[in-house]
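Let's see this in three dimensions:
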Amino acid sequence: MTTNENTTAATTTKTKPLQDFPRVSLCHQPTPLETMPRLTSHLNNNNNSNNGPTYHIKRDDCTGLATGGNKTRKLEFLLADALHHQADILVTQGAVQSNHVRQTAAAACKFGLSCHALLERRVPDRRIEEYESTGNVLLDSIFGCTVEFRPSGLDMNAEALAVCDRLRGEGKNPYFIPGGGSNPIGALGYVFGGV
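Residues are numbered from 1 along each chain as shown. Got it, this is the predicted structure:
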């Protein structure tokens, strides 16, 4: 294909409007945009500029779902896709104290789905009993999420897909969400990142 043909193909390809993707409501939106005056002052002073930019932070800790976090934006699209596929259980993975797993468990609970998570033991030299039963792991449990622990260094998405196969064998209809909700469907959540 020539450069002109590539350009023509790219400009004539129809893109799906964002509103055509299924989405559920999980976020308190818009999340605040907070001015950071001390960081602004520090950076502008280091650059010898009195008229430099003003720095802000997008407060996605205020999204609302299970103490908030940016993964909620991704989950609005991932949950909608799971419901579209008539899933009855979400399967995901993350580190032991994963914020993504906590938010996924909460979203599943909100929509009446089960949730199962694989938690990777990435942090050495922790008091295992406390580290694996408090914080986000405790919240996962409160939201009804069942968990399995895995040693560090495995292909955790492959491990989770194997669990999906096992669950299908048990008559369930699992929906796999990769670690962090990081796939094309989850990425749609950041299109709305400005709100």
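
Return the residues in contact with the most centrally placed residue in the chain.
With distances taken as Cα atoms, centre = their mean, residue 71 lies nearest the centre of the chain, 3.2 Å away. The contact partners of residue 71, taken as Cβ atoms under 8 Å, 6 or more residues apart in numbering, are 99, 100, 103, 104, 180, 181. In short, each C-beta sits where N, CA and C put it, glycine included.

Let's verify the fourth one: helix, strand, or coil?
Of the three states, residue 104 takes helix according to DSSP: H, G, I helix; E, B strand; the rest coil.

which residues does the closest residue to it other than its chain neighbours bridge with?
Closest residue to residue 104 apart from its sequence neighbours, by Cβ to Cβ, 6 or more residues apart in numbering: residue 92 at 4.9 Å. As for beta bridges, residue 92 partners with residue 117 under DSSP bridges.

before we move on, back to that, I'd like the distance between the residue nearest to the centre of the chain and residue 15.
Distance, residue 71 to residue 15, using Cβ to Cβ, to the nearest Å: 25 Å.

again with residue 139
38 Å.

next one: residue 81
For residue 81 relative to residue 15 (Cβ to Cβ), the value is 18 Å.

Which one's more surrounded, the two?
residue 81 (19 against 6; other Cβ atoms under 10 Å).

For the more buried one, pull up the helix or strand it's in.
Element membership of residue 81 [criterion: DSSP states H and E] is helix 71-84.

Could I get the buried residue list for that helix?
Using 16 or more other Cβ atoms under 10 Å as the test for burial, helix 71-84 gives 71, 72, 73, 74, 75, 76, 77, 78, 79, 80, 81, 82.

just stretch 160-173 next, same as before
160, 161, 163, 164, 167.

what's the closest of these to residue 124?
Using Cβ to Cβ, residue 160 is the member of the buried residues of stretch 160-173 that sits closest to residue 124, with 22.4 Å.

on that earlier part again, among the contacts of residue 71, which one has the most neighbours?
Neighbour max across the contacts of residue 71 (other Cβ under 10 Å) = residue 104, 34 neighbours.
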